[in-house]
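> sequence unknown, structure follows:
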(Lines give C-alpha, C1' and ligand atoms only; values in the text may rest on other atoms or scores of the structure.)
Protein backbone atom coordinates (compact mmCIF):
# COMPACT_ATOMS: atom_id res chain seq x y z
CA UNK A 1 0.00 0.00 0.00
CA UNK A 2 1.52 3.32 -1.05
CA UNK A 3 0.32 6.88 -0.58
CA UNK A 4 1.38 9.10 -3.46
CA UNK A 5 0.02 12.64 -3.43
CA UNK A 6 -3.79 12.47 -3.57
CA UNK A 7 -3.89 8.73 -4.37
CA UNK A 8 -3.48 5.46 -2.55
CA UNK A 9 -2.20 2.50 -4.55
CA UNK A 10 -2.96 -0.99 -3.29
CA UNK A 11 -1.12 -3.87 -4.94
CA UNK A 12 -1.18 -7.56 -4.09
CA UNK A 13 1.42 -9.64 -5.93
CA UNK A 14 1.29 -13.42 -6.23
CA UNK A 15 3.98 -15.69 -7.67
CA UNK A 16 3.77 -19.39 -8.35
CA UNK A 17 6.88 -20.90 -6.76
CA UNK A 18 5.64 -24.43 -7.38
CA UNK A 19 6.13 -26.85 -10.26
CA UNK A 20 2.55 -26.96 -11.59
CA UNK A 21 0.06 -24.34 -12.75
CA UNK A 22 -2.23 -22.98 -10.06
CA UNK A 23 -5.55 -21.13 -10.34
CA UNK A 24 -5.32 -17.65 -8.86
CA UNK A 25 -7.91 -15.04 -8.01
CA UNK A 26 -7.37 -11.82 -6.08
CA UNK A 27 -9.87 -9.24 -4.86
CA UNK A 28 -10.83 -7.28 -1.77
CA UNK A 29 -13.82 -6.19 0.32
CA UNK A 30 -13.44 -2.50 1.31
CA UNK A 31 -16.36 -0.57 2.78
CA UNK A 32 -16.59 3.10 1.77
CA UNK A 33 -18.70 5.31 4.04
CA UNK A 34 -21.42 7.59 2.79
CA UNK A 35 -20.48 10.57 5.00
CA UNK A 36 -23.92 12.22 4.98
CA UNK A 37 -25.56 8.94 5.94
CA UNK A 38 -28.13 9.65 3.22
CA UNK A 39 -27.77 6.56 1.06
CA UNK A 40 -30.73 7.36 -1.19
CA UNK A 41 -29.00 10.42 -2.71
CA UNK A 42 -25.51 8.86 -2.91
CA UNK A 43 -24.50 8.07 -6.47
CA UNK A 44 -22.75 4.98 -7.84
CA UNK A 45 -21.00 4.60 -11.17
CA UNK A 46 -20.02 1.08 -12.33
CA UNK A 47 -18.76 0.76 -15.93
CA UNK A 48 -20.34 -2.63 -16.59
CA UNK A 49 -22.83 -3.95 -19.12
CA UNK A 50 -23.75 -7.28 -17.46
CA UNK A 51 -24.73 -8.60 -14.02
CA UNK A 52 -24.52 -12.17 -12.76
CA UNK A 53 -27.87 -13.44 -11.55
CA UNK A 54 -28.15 -15.15 -8.16
CA UNK A 55 -30.82 -17.51 -6.88
CA UNK A 56 -31.73 -15.12 -4.03
CA UNK A 57 -30.05 -12.65 -1.69
CA UNK A 58 -30.11 -15.00 1.33
CA UNK A 59 -27.97 -17.79 -0.14
CA UNK A 60 -26.55 -15.82 -3.07
CA UNK A 61 -25.65 -18.80 -5.21
CA UNK A 62 -24.88 -17.68 -8.77
CA UNK A 63 -27.13 -19.18 -11.43
CA UNK A 64 -24.48 -19.01 -14.18
CA UNK A 65 -26.64 -16.58 -16.14
CA UNK A 66 -25.68 -13.04 -17.04
CA UNK A 67 -28.21 -10.27 -17.63
CA UNK A 68 -27.67 -6.93 -19.39
CA UNK A 69 -27.94 -3.99 -17.00
CA UNK A 70 -28.89 -1.37 -19.59
CA UNK A 71 -32.23 0.20 -18.66
CA UNK A 72 -32.60 -1.88 -15.49
CA UNK A 73 -32.43 -0.77 -11.86
CA UNK A 74 -28.87 -2.16 -11.91
CA UNK A 75 -27.69 0.19 -14.66
CA UNK A 76 -25.07 2.28 -12.88
CA UNK A 77 -23.19 2.85 -16.14
CA UNK A 78 -24.53 6.36 -16.67
CA UNK A 79 -22.56 9.65 -16.66
CA UNK A 80 -22.24 10.95 -13.10
CA UNK A 81 -23.55 7.68 -11.71
CA UNK A 82 -27.04 6.87 -10.50
CA UNK A 83 -28.58 7.43 -7.06
CA UNK A 84 -28.61 4.30 -4.91
CA UNK A 85 -32.15 4.98 -3.75
CA UNK A 86 -33.50 2.05 -1.76
CA UNK A 87 -32.05 -0.77 -3.89
CA UNK A 88 -30.41 -3.69 -2.06
CA UNK A 89 -27.09 -4.56 -3.67
CA UNK A 90 -24.95 -7.65 -3.40
CA UNK A 91 -24.30 -8.05 -7.10
CA UNK A 92 -21.45 -9.07 -9.38
CA UNK A 93 -21.02 -6.82 -12.42
CA UNK A 94 -19.02 -7.86 -15.48
CA UNK A 95 -18.19 -7.04 -19.08
CA UNK A 96 -16.38 -4.04 -17.69
CA UNK A 97 -15.64 -0.96 -19.75
CA UNK A 98 -12.11 0.32 -19.19
CA UNK A 99 -11.14 3.97 -19.52
CA UNK A 100 -7.49 4.95 -19.62
CA UNK A 101 -6.60 1.30 -19.00
CA UNK A 102 -8.60 0.94 -15.79
CA UNK A 103 -11.99 -0.01 -14.40
CA UNK A 104 -13.16 3.29 -12.89
CA UNK A 105 -15.87 2.85 -10.22
CA UNK A 106 -17.10 5.96 -8.39
CA UNK A 107 -19.13 6.63 -5.26
CA UNK A 108 -20.32 10.19 -4.72
CA UNK A 109 -22.11 11.79 -1.79
CA UNK A 110 -23.28 15.13 -3.23
CA UNK A 111 -24.68 16.27 0.15
CA UNK A 112 -21.13 16.39 1.57
CA UNK A 113 -19.22 17.17 -1.66
CA UNK A 114 -17.36 13.87 -1.20
CA UNK A 115 -16.46 11.28 -3.79
CA UNK A 116 -14.12 8.33 -3.97
CA UNK A 117 -12.90 6.74 -7.15
CA UNK A 118 -11.61 3.17 -7.22
CA UNK A 119 -9.64 2.40 -10.37
CA UNK A 120 -8.83 -1.25 -11.07
CA UNK A 121 -5.54 -1.17 -12.98
CA UNK A 122 -4.86 -4.90 -13.39
CA UNK A 123 -5.94 -6.27 -16.77
CA UNK A 124 -7.00 -9.47 -14.96
CA UNK A 125 -9.82 -7.65 -13.12
CA UNK A 126 -12.98 -8.99 -14.78
CA UNK A 127 -15.75 -8.32 -12.26
CA UNK A 128 -16.83 -5.83 -9.61
CA UNK A 129 -18.93 -7.00 -6.68
CA UNK A 130 -21.02 -4.21 -5.15
CA UNK A 131 -22.39 -4.71 -1.66
CA UNK A 132 -24.70 -2.16 -0.03
CA UNK A 133 -27.85 -3.23 1.82
CA UNK A 134 -30.74 -0.81 1.45
CA UNK A 135 -30.33 0.57 4.99
CA UNK A 136 -26.49 0.76 4.88
CA UNK A 137 -24.42 3.90 5.13
CA UNK A 138 -21.65 2.39 3.04
CA UNK A 139 -20.89 0.86 -0.33
CA UNK A 140 -18.39 -1.99 -0.69
CA UNK A 141 -16.64 -2.00 -4.06
CA UNK A 142 -14.82 -5.27 -4.69
CA UNK A 143 -12.79 -5.29 -7.87
CA UNK A 144 -11.76 -8.88 -8.44
CA UNK A 145 -10.36 -11.24 -11.02
CA UNK A 146 -13.29 -13.62 -11.11
CA UNK A 147 -17.00 -14.26 -10.85
CA UNK A 148 -18.42 -15.60 -7.58
CA UNK A 149 -17.98 -19.40 -7.22
CA UNK A 150 -15.63 -19.56 -10.23
CA UNK A 151 -15.38 -23.37 -10.24
CA UNK A 152 -19.14 -23.93 -9.92
CA UNK A 153 -20.96 -26.17 -12.41
CA UNK A 154 -23.46 -23.37 -13.06
CA UNK A 155 -20.94 -21.62 -15.32
CA UNK A 156 -20.92 -24.54 -17.78
CA UNK A 157 -17.22 -24.16 -18.65
CA UNK A 158 -17.35 -20.38 -19.16
CA UNK A 159 -14.14 -18.44 -18.48
CA UNK A 160 -14.89 -17.15 -14.97
CA UNK A 161 -11.76 -14.99 -14.73
CA UNK A 162 -9.43 -17.29 -12.83
CA UNK A 163 -5.79 -16.71 -13.75
CA UNK A 164 -3.86 -19.86 -14.68
CA UNK A 165 -0.60 -19.03 -12.97
CA UNK A 166 2.22 -21.05 -14.53
CA UNK A 167 5.29 -22.07 -12.47
CA UNK A 168 7.62 -19.10 -11.98
CA UNK A 169 5.03 -16.60 -13.25
CA UNK A 170 3.35 -13.85 -11.28
CA UNK A 171 0.29 -11.67 -11.28
CA UNK A 172 -0.38 -8.42 -9.44
CA UNK A 173 -3.81 -7.16 -8.45
CA UNK A 174 -3.61 -3.33 -8.42
CA UNK A 175 -6.24 -0.78 -7.47
CA UNK A 176 -5.87 2.99 -7.05
CA UNK A 177 -8.07 5.10 -4.77
CA UNK A 178 -8.54 8.82 -5.26
CA UNK A 179 -10.85 11.37 -3.63
CA UNK A 180 -12.80 13.82 -5.78
CA UNK A 181 -15.41 16.53 -5.36
CA UNK A 182 -18.65 15.62 -7.14
CA UNK A 183 -21.02 18.12 -8.69
CA UNK A 184 -24.51 18.41 -7.23
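Done, it's in. Computed from a prediction, not measured in an experiment: that's the story for all the values here.
> rest of the way, CA atoms for contacts and neighbours
Fine.
> Please name the strands paired to the helix or strand containing residue 143 in the sheet, noting orientation.
Following DSSP states H and E, one finds residue 143 within strand 138-144. Strand 138-144 has the following sheet partners, assigned by DSSP bridges: strand 31-33 (antiparallel), strand 127-132 (antiparallel).
> what does that strand contact?
25-34, 39, 105, 107, 118, 120, 125-132, 175 (C-alpha atoms under 8 Å, 6 or more residues apart in numbering).
> pLDDT of the longest strand anywhere in the chain, averaged?
Looking across the chain with DSSP state E, the single longest strand is strand 170-180. Average pLDDT, strand 170-180: 96.
> For the most centrally placed residue in the chain, which non-adjacent residue is closest in space?
Nearest to the mean C-alpha position of the chain, by C-alpha atoms, centre = their mean, lies residue 128 at 2.3 Å. Leaving aside its chain neighbours, residue 128 sits nearest to residue 143 (4.4 Å; criterion: C-alpha to C-alpha, 6 or more residues apart in numbering).
> For this structure, give me the ranges with low pLDDT.
The chain contains residues with pLDDT under 70 at 184.
> Touching the longest strand of the chain from outside, list them.
Strand 170-180 is contacted by residues 6-16, 26-27, 114-122, 124-125, 143, 165 when judged by C-alpha under 8 Å, 6+ apart.
> can you do 7 Å?
Residues outside strand 170-180 that contact it (C-alpha atoms under 7 Å, 6 or more residues apart in numbering): 6-16, 26, 114-122.
> Paired strands for it, with orientation please.
Using DSSP bridges, the strands paired with strand 170-180 are strand 7-15 (antiparallel), strand 114-120 (antiparallel).
> any residues touching the helix or strand just after the first one, and which ones?
Meaning strand 7-15. Downstream of strand 7-15, the next assigned helix or strand under DSSP H and E is strand 22-24. Identification of contacts with strand 22-24 by C-alpha under 7 Å, 6+ apart yields 162-166.
> and if you look at stretch 88-99?
Identification of contacts with stretch 88-99 by C-alpha under 7 Å, 6+ apart yields 47-52, 103, 126-134, 147.
> For burial, what's the neighbour tally of residue 2?
Using other C-alpha atoms under 10 Å, residue 2 is surrounded by 10 other residues.
> same question, residue 179
Residue 179: 16 neighbours (other C-alpha under 10 Å).
> Next: residue 63.
The burial count for residue 63: 15, using other C-alpha under 10 Å.
> which SSE is it in?
With elements taken from DSSP H and E, the one containing residue 63 is strand 62-68.
> Who is the nearest residue to residue 3 once chain neighbours are set aside paired with across the strands?
Excluding the flanking residues, the one nearest residue 3 by C-alpha to C-alpha, 6+ apart is residue 9, at 6.4 Å. Beta-bridge pairing for residue 9 (DSSP bridges): residue 2, residue 176.
> tell me the contacts of residue 9?
Shown in contact with residue 9 (C-alpha under 7 Å, 6+ apart): 1-3, 175-177.
> Alright, that wraps it up for me.
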